[in-house]
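Visitor: Below is the structure, and that's it, no one-letter string:
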């Protein structure tokens, strides 16, 4: 993910998916010791697994003691040779160094580098990065993330390297560690894993994680002696794809009950705490120059107790709380809203599902929902309004443009003094239309991916500020149904396959199945035939593999509830095309 920014193509992608090593890595005998780092503890042991006890042997003689570490993730360093941006790294290093916490280690769980333009330049950039990170007061341990495999990132699309092994070797050489390794500190094992591994590593643009069979066998060996262990890797454990024929991460963990004490990850750029595989896990926010971007963690081996020391100081998601008591003395002027177009600003959106669904709130927040107040009805005390969705992803940047096919529906505000309710409203949003507007791709005329937004409601408080009346604060709640989008995307692959548009996948050729006669008929259910089409037959739009989208959407519940905070801002003529709400034949508003 991207530090401190949420570009639209990722937002649409989040909407789609939410509703829509080096040789030494697996060889315990050849794992290299950590390189010398500034501030490294001379007594620190890098544990490569060579003395792991066989199952049934006695536990290690060294009793577990007190381990203290700082966990950060998603630095997203994007320096170049021309502009190395050392100050970007130094600010974050200085922030950690100033913390009053005597840590044994600092662990960085991936996306340390935003992208690597090339392996050659990437190595040099990585060396600059390492020079700055070596100023950390404690030994730091790196894990690799998905961004280390990107060729470029311009805020709208990514390209994954076609030379994974070279990229892994370059990263490992620069960092001075294998891609997966273990470090024993005070009798407690810290295990660094590589979650962009195995045969499924590149099927999802890196948004889902993957472990290979070799790495999991190594992990199984690490856990066999019963030493208390803590796992660190980039992708949260509920966003993993299991390599065909390989065990799942949970299988390995559950084969050694009580050994893994916790898992720490990043990737989602927010704070989260849950349980997976019978083990608690924590997600840390992206590493910024502030005090709300890291975990301070203490594990007491004697008491078998793990504590997030700064837990109460961090912005973990909380259910928005809002009440509105009507104020008879308010200076609200509802007529000041009439003829204004306002954008709904939705923040802190929380989903009731885990995994990739955690992206869903961000995806909804990034959709530019706009309302137009058409009139004030004094008799019913309602602001008569309409809601639509615009496009802000054309050449004009932040200017909101007309999006053909967007909904345009009544969305009246019922007032009680300065308090209001609006909704419920239900609508279909075609995610492919949004995607096409974002990255200028050609879509088939029959293609669609319908996201059903149901029971969209707002409760809030209006305020008149000068000559404008806006939503000051409030709460938005809705549900999203994903089943239609899932069927639509499967239908796209079926259609492209049966029309012979997928290279190397001609129907009836070799093991490719013949298409049923009814495949193009209205109402055709694609599931059964889609399952017969070989996995290599896919439709790719820029970085968007439709099979990847199907895989992600299938991993979450069909219906997801969302709740968040809402306010609004008036859009002036230079910020939105008035055609968005114009009425007429062929327009969204009829």
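Guide: Alright, I've got the coordinates. Small disclaimer: the values here were computed from a predicted structure and weren't measured.
Visitor: pull the helix or strand with minimum mean pLDDT from the chain.
Guide: When the helices and strands of the chain are scored by mean pLDDT, DSSP states H and E, strand 45-47 comes last with a mean of 41.
Visitor: Could you pull up the mean pLDDT of the helix or strand that it is followed by?
Guide: Later in the chain than strand 45-47, the nearest helix or strand by DSSP states H and E is strand 66-72. Across strand 66-72, the average pLDDT comes to 98.
Visitor: nearest spatial neighbour of residue 407, skipping sequence neighbours?
Guide: Sequence neighbours aside, residue 427 is the residue nearest to residue 407 in space, at 4.1 Å (criterion: C-beta to C-beta, 6 or more residues apart in numbering). For every residue, glycine as well, the C-beta is placed using N, CA and C.
Visitor: same deal with residue 468?
Guide: residue 570 (5.1 Å).
Visitor: now do residue 563
Guide: residue 477 (4.5 Å).
Visitor: what's across from the one you found in the sheet?
Guide: residue 457, residue 563 (DSSP bridges).
Visitor: check contacts around it.
Guide: 455, 457, 561, 562, 563, 564 (C-beta atoms under 8 Å, 6 or more residues apart in numbering).
Visitor: Out of these, flag the one nearest to residue 472.
Guide: residue 564 (15.6 Å; C-beta to C-beta).
Visitor: Any idea how many residues pack against that closest one?
Guide: Neighbourhood size, residue 564 [other C-beta atoms under 10 Å]: 21.
Visitor: related to what we said a few turns ago, what mean pLDDT would you report for the strand or helix carrying the residue nearest to residue 468?
Guide: Element membership for residue 570 (DSSP H and E) is strand 559-571. For strand 559-571, the mean per-residue pLDDT is 92.
Visitor: That strand packs against which elements?
Guide: On a contact count with 3 or more C-beta pairs under 8 Å, 6 or more residues apart in numbering; DSSP states H and E, strand 559-571 meets strand 341-351, helix 360-366, strand 450-465, strand 468-481.
Visitor: Distance from the chain centre to the third one, please.
Guide: Taking C-alpha atoms, centre = their mean, to the nearest Å, one finds the center of strand 450-465 at 24 Å from the center of the full chain.
Visitor: And the last one, by the same measure?
Guide: Centroid separation for strand 468-481 versus its chain: 23 Å, with C-alpha atoms, centre = their mean.
Visitor: Please apply the same query to the first one.
Guide: What separates the centre of strand 341-351 from the centre of its chain is 18 Å, taken as C-alpha atoms, centre = their mean.
Visitor: right, so the helices and strands packed on strand 559-571: which one is the most enclosed?
Guide: helix 360-366 (a mean of 24; mean count of other C-beta atoms under 10 Å).
Visitor: wait, is the residue nearest to residue 407 part of a strand?
Guide: Yes - judged by DSSP: H, G, I helix; E, B strand; the rest coil, residue 427 forms part of a strand.
Visitor: what residues are up against it?
Guide: 407, 409, 452, 453, 456.
Visitor: same thing with residue 506?
Guide: Contacts of residue 506 by C-beta under 8 Å, 6+ apart are 500, 512.
Visitor: Show me where the protein has its helices.
Guide: Secondary structure of the chain by DSSP state H: the helices cover 8-18, 86-97, 119-133, 164-175, 213-223, 249-254, 360-366, 431-439, 483-498, 527-530, 546-554.
Visitor: So which of the ones you listed is nearest residue 469?
Guide: Here helix 360-366 is closest among those (C-beta to C-beta), at 23.0 Å.
Visitor: now the closest one: mean pLDDT?
Guide: Computed over helix 360-366, the average pLDDT equals 79.
Visitor: can I assume residue 132 is in contact with residue 86?
Guide: Yes - here residue 132 lies in contact with residue 86, judged by C-beta atoms under 8 Å, at a distance of 5.7 Å.
Visitor: Looking at these two, which is more packed in?
Guide: More crowded of residue 132 and residue 86, by other C-beta under 10 Å: residue 132, with 20 against 15.
Visitor: and the more buried one, what does it touch?
Guide: 86, 89, 90, 93.
Visitor: Neighbours of the third one, how many?
Guide: When you say that, I think you mean residue 90. 15.
Visitor: how close does the closest residue to it other than its chain neighbours sit to residue 413?
Guide: Closest residue to residue 90 apart from its sequence neighbours, by C-beta to C-beta, 6+ apart: residue 132 at 5.8 Å. Using C-beta to C-beta, to the nearest Å, residue 132 is found at 52 Å from residue 413.
Visitor: cool, residue 192 as well?
Guide: The value you get for residue 192 to residue 413, if C-beta to C-beta is used, is 53 Å.
Visitor: So for the protein, the centremost residue is which one?
Guide: residue 268 (4.1 Å; C-alpha atoms, centre = their mean).
Visitor: Now do stretch 94-105: everything it contacts.
Guide: Contacts for stretch 94-105 (C-beta under 8 Å, 6+ apart): 41, 44, 67-70, 72, 106, 135-141, 183, 185-186, 190, 289-291, 293-294, 296, 309.
Visitor: Could you measure from the residue of the chain most remote from its centre over to residue 327?
Guide: The outermost residue of the chain, judged against the average C-alpha position, is residue 379 (46.8 Å), by C-alpha atoms, centre = their mean. Distance of residue 379 to residue 327, computed by C-beta to C-beta: 22 Å.
Visitor: wait, residue 171 sits on residue 147?
Guide: No - applying C-beta under 8 Å as the test, residue 171 and residue 147 come out as separate, 10.8 Å apart.
Visitor: Could you tell me which residues touch both of these two?
Guide: residue 113.
Visitor: pLDDT score for residue 29?
Guide: For residue 29, pLDDT reads 32.
Visitor: just the one 5 residues further on next, same as before
Guide: The score at residue 34 is 48. That number is its pLDDT.
Visitor: Over to residue 318?
Guide: Residue 318 carries a pLDDT value of 74.
Visitor: try residue 240
Guide: For residue 240, the pLDDT comes out at 86.
Visitor: Could you do the one 10 residues further on as well?
Guide: Among the per-residue scores, residue 250 holds a pLDDT of 95.
Visitor: going forward can the numbers begin at 7, since that is how I track them
Guide: Okay, residue one is now 7; in that scheme the one you just asked about reads as residue 256.
Visitor: ok, the residue lying closest to it once chain neighbours are set aside - contacts?
Guide: With C-beta to C-beta, 6+ apart as the criterion, residue 256 has its nearest non-adjacent residue at 3.8 Å, and that residue is residue 283. Residue 283 is in contact with 243, 255, 256, 259, 260, 266, 269, counting by C-beta under 8 Å, 6+ apart.
Visitor: for residue 298, same thing?
Guide: By C-beta under 8 Å, 6+ apart, the neighbours of residue 298 are 291, 319, 320, 321.
Visitor: of those residues, closest to residue 508?
Guide: Residue 508 lies nearest to residue 291 out of the contacts of residue 298, by C-beta to C-beta, at 40.0 Å.
Visitor: how many other residues sit next to that closest one?
Guide: Residue 291, neighbours per other C-beta under 10 Å, totals 23.
Visitor: Before I go, just wanted to say thanks for your time.
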